[in-house]
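Peer 1: What follows is a protein structure lacking sequence information:
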């Protein structure tokens, strides 16, 4: 199974304009949905947050 996710830098406390944050797409793979999701979660750097996940 393959999942694609969009992540972004975590906004600073009180940030009003989150549109200027850096975004990145990542791909997670595994034999099951849970394995692919764990692969995605392992790729999210500190200071970033998951926006959404899509099955491919």
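Peer 2: Sure thing, it's come through. On a predicted model such as this, the values are computed, not experimentally measured, just so you know.

Peer 1: Run through the residues that contact the closest residue to residue 36 other than its chain neighbours.
Peer 2: In space, and not counting its chain neighbours, residue 36 is closest to residue 30: 4.0 Å by Cβ to Cβ, 6 or more residues apart in numbering. C-beta here means a position set from N, CA and C on the backbone, and glycine is covered the same way. Residues near residue 30 by Cβ atoms under 8 Å, 6 or more residues apart in numbering: 1, 36-39.

Peer 1: hang on, isn't residue 50 packed against residue 44?
Peer 2: Yes: shown here, residue 50 and residue 44 form a contact pair, counting by Cβ atoms under 8 Å, at 6.1 Å.

Peer 1: Determine the residues that are contacts of both of those two.
Peer 2: Common neighbours of residue 50 and residue 44 (Cβ under 8 Å, 6+ apart) are residue 7.

Peer 1: didn't residue 53 look like it was pressed against residue 4?
Peer 2: Yes: here residue 53 reaches residue 4: they are 7.3 Å apart, a contact under Cβ under 8 Å.

Peer 1: In this structure, where is pLDDT below threshold?
Peer 2: Within the chain, the ranges that satisfy pLDDT under 70 run 14-19.

Peer 1: Can you show me the strands along this structure?
Peer 2: Assigned by DSSP state E, the chain shows strands spanning 2-9, 23-29, 48-55.

Peer 1: most tightly surrounded among those?
Peer 2: strand 2-9 (a mean of 16; mean count of other Cβ atoms under 10 Å).

Peer 1: packing partners for it?
Peer 2: strand 23-29, helix 33-43, strand 48-55 (3 or more Cβ pairs under 8 Å, 6 or more residues apart in numbering; DSSP states H and E).

Peer 1: closest to residue 12 out of these?
Peer 2: Distance to residue 12, taken as Cβ to Cβ, is lowest for strand 48-55 among the helices and strands packed on strand 2-9, at 12.4 Å.
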